[in-house]
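Student: make a model of this:
(2 chains)
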Amino acid sequence: MGIDFLILMKQEWMVIAILLILLFIKVSSDDWQNENILKLVNILLLINLITGFFGYRDGILFNEMFKTNHLIVTEKNILSLGTFIVSLQSYAWLRNNKLVLEFYLLLLSTLLGMFYMISAGNLLMFYLGLELSSIPLAALANFDLEKRKSGEAAFKFIISSAFASGLLLFGISLVYGTTGTLTLSALSDHLDGSSLQIFAFILLISGFGFKISTVPFHLWTADVYEGSPVTVTSYFSVISKGSVLFVFVTVLYTAFKSYAITWNHILFILSVLTMVIGNLFAIRQNNIKRFLAFSSISQVGFILIGMSGQSQAGTASVVYFILIYTFSNLGAFGVISLVSAYTGRENLEDYKGFYKTNPRLSWVLAISLFSLAGIPPTAGFFGKFFLLMAGAGQGNYLLITIAALNMVVSLYYYLKIIKVIFMDSNENPIKRLLTPSSPKLALIICTTGIILTGFVGYIYEYIFSMSTIF
Amino acid sequence: MNEISITQILFVSTALFFIGMYGLFTRRNMITMLMAIEIILNSVNINFVAFNKYLYPGKLDGVFFTIFIITIAAAEAAMAIAIIINLYRSHHSIDVEDAEEMKY
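Tutor: The predicted model follows:
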């Protein structure tokens, strides 16, 4: 203990420090300009991101409540990076918002919750982290207070997230009853496969399924994504979902290792349903946020394939794909949030002739969509390739075939958007947008990430070498 | 009088869990839906306390978990009610059927 507890929880302390600084600014009566606050927060988040890369150590704290290792530190860094990009992109939307500090206080509270959730070594700690990351998110979804859709989205989110927590908790209580322990590392030795445990396990999986929006539990996703402000939507789709996926891998691979056969079947069904229904519904969407919601649902289906690999490659490919997904989804959302903040237009038809007026933004959007579709030069291809390779390690070729067919279907609707942007003409196109410097920086980071993450093979090897823990 | 066995307590908690679920799916009033979720969380609390008392009396894990669930349920309810109040301002109703702008 002693100094350990400062070093091992370094990233959490950083976020807490930023939260306290913002709280002091809020309480002090000085009138800060929004521009200055945004600059300050972006610099603090950048410091948070950079310090994350230095000085990691493996360790366990508080009687295995909190654990950390190299992979967990990297996962937290991916989340910090994503939050930094989201914060840069929110500039156009928050510039004239009076509640900018409240926005960041809520946003960083959720980030803190995700950090604790990823580091959790105990189901109690996991539950606390999960709730700390989902309750403030509901407030964020309602951040456009006067918009009708925003309130509707927030209500749908809080009810479905509370219901999911209820399922998860009932599962946890039955696990506790049958095993007598809540520690994740001790759990696998106590599982004996009784029917009560299987029931608890299915409840747990459905709780997780709600949070990562796999198909039978996905109904809230599209509505919440459509109603929330675009910045919050991008945070939902990347950071919030990514963090739960990280934990899902850890829980399945360590605590429920002995149930591998059971959850392999469950993952098979879930991933097929998620890919097929996500893709089919994405085709008929007109609102671009709703479209990206269904596209993100189908991406989760692909991630579940990698997860079903049950190997070192399984973990590595999931983490690697989420890194790429962060870049590509945030790239797409960056352009959409700019358009939405300046013109308020979010429909697909509005993007007709977008290339004529905003060629650079069109290219960023196109590259991001190519990466989401998995077209070779972009990183998305490598991400999906590793996911399918990890899935194929189990010899489940039927699943891989379905996934490959689904990639073709998904190509159709991604290309449909690219056709709208580049080829269709429009009498009333979106006017030329002047990109402010911080969203521009975010888009540059995303585009570089999309291109480089695939080609720099070192990144995958680095993540792969860390994934030996399981 | 006979000692109450754990099976009976588990029966009560499971029944409460499904009553809560039924309430959540059938009620159209937002506050009532929130109450249904509280019922679900309370059924979990009963489970934890019962398991702790009957099966693992030496440890306190279950009781701690219950205390945390109660606290967080309060936070969740506060947030949900704030959202419902805001929704009432824009929709002039707390019936979920009126909040139906986004579908499919």
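Student: distance of the residue most central in space within chain B from chain A?
Tutor: In chain B, the residue lying closest to the centroid (Cα atoms, centre = their mean) is residue B:38, at 2.4 Å. According to Cβ to the nearest Cβ, to the nearest Å, residue B:38 stands 9 Å off from chain A. To be clear about C-beta, it is placed using only N, CA and C from the backbone, and glycine gets the same treatment.
Student: would you confirm that that residue contacts residue B:74?
Tutor: No - in this structure, residue B:38 is not within contact of residue B:74 by Cβ atoms under 8 Å, at 9.6 Å.
Student: sorry, back to before: the residue nearest to the centre of chain B sits in which helix or strand?
Tutor: Element membership for residue B:38, per DSSP states H and E: helix B:30-54.
Student: Three-state assignment for residue A:375, please.
Tutor: Residue A:375 falls in the coil class when you classify it by DSSP: H, G, I helix; E, B strand; the rest coil.
Student: that one touches residue A:383, doesn't it?
Tutor: No - contact criterion Cβ under 8 Å: residue A:375 and residue A:383 do not qualify, at 11.7 Å.
Student: can you tell me the closest non-neighbouring residue to residue A:386?
Tutor: If the residues on either side of it in the chain are set aside, residue A:386 comes closest to residue A:317, at 3.9 Å by Cβ to Cβ, 6 or more residues apart in numbering or on different chains.
Student: that neighbour: what secondary structure?
Tutor: Here residue A:317 takes the helix state, with states given by three-state DSSP.
Student: hang on, the earlier thing: who has more neighbours, residue A:375 and residue A:383?
Tutor: residue A:383 (30 against 16; other Cβ atoms under 10 Å in any protein chain shown).
Student: host element of the more buried one?
Tutor: Counting by DSSP H and E, residue A:383 is found in helix A:379-392.
Student: which parts of that helix are buried?
Tutor: Neighbour-count burial for helix A:379-392, with 16 or more other Cβ atoms under 10 Å in any protein chain shown as criterion, is recorded at A:379-384, A:386-392.
Student: can I get it in PDB, CA atoms only?
Tutor: Output of helix A:379-392 as PDB, limited to C-alpha atoms (Å, rounded to 0.1, in the frame of the first residue of the first chain):
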ATOM      1  CA  ALA A 379      -7.600   0.600 -40.800                       C
ATOM      2  CA  GLY A 380     -11.100  -0.800 -40.600                       C
ATOM      3  CA  PHE A 381     -10.100  -3.600 -43.000                       C
ATOM      4  CA  PHE A 382      -7.300  -4.700 -40.700                       C
ATOM      5  CA  GLY A 383      -9.500  -4.400 -37.700                       C
ATOM      6  CA  LYS A 384     -12.200  -6.700 -39.200                       C
ATOM      7  CA  PHE A 385      -9.600  -9.000 -40.600                       C
ATOM      8  CA  PHE A 386      -8.100  -9.700 -37.200                       C
ATOM      9  CA  LEU A 387     -11.600 -10.100 -35.600                       C
ATOM     10  CA  LEU A 388     -12.500 -12.700 -38.200                       C
ATOM     11  CA  MET A 389      -9.100 -14.400 -37.900                       C
ATOM     12  CA  ALA A 390      -9.600 -14.600 -34.100                       C
ATOM     13  CA  GLY A 391     -13.100 -16.000 -34.600                       C
ATOM     14  CA  ALA A 392     -11.900 -18.500 -37.200                       C
END
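Student: quick one: contacts for residue A:394?
Tutor: A:264, A:308, A:309, A:310 (Cβ atoms under 8 Å, 6 or more residues apart in numbering or on different chains).
Student: the third one: how many residues sit nearby?
Tutor: Looking back up the chat, that one is residue A:309. Counted with other Cβ under 10 Å, residues neighbouring residue A:309 total 25.
Student: excluding sequence neighbours, find me the nearest residue to it.
Tutor: Nearest to residue A:309 is residue A:390, by Cβ to Cβ, 6+ apart, at 3.5 Å.
Student: surely the one you found is in contact with residue A:306?
Tutor: Yes - the criterion here is Cβ under 8 Å, and residue A:390 meets it with residue A:306 at 4.5 Å.
Student: need the residues touching each of the two.
Tutor: What both residue A:390 and residue A:306 touch, as defined by Cβ under 8 Å, 6+ apart, is the set A:314, A:317, A:318.
Student: wouldn't the second one be in contact with residue A:393 here?
Tutor: By that I understand residue A:317. No - at 9.8 Å, residue A:317 and residue A:393 do not qualify as touching, with contact defined as Cβ under 8 Å.
Student: ok, those two, which is more surrounded?
Tutor: Taking neighbours as other Cβ under 10 Å, residue A:317 and residue A:393 compare with residue A:317 leading, 32 against 17.
Student: what separation do you get for that one and chain B?
Tutor: For residue A:317 relative to chain B (Cβ to the nearest Cβ), the value is 33 Å.
Student: and that residue, what does it touch?
Tutor: Residue A:317 touches A:306, A:309, A:383, A:386, A:387, A:389, A:390, counting by Cβ under 8 Å, 6+ apart.
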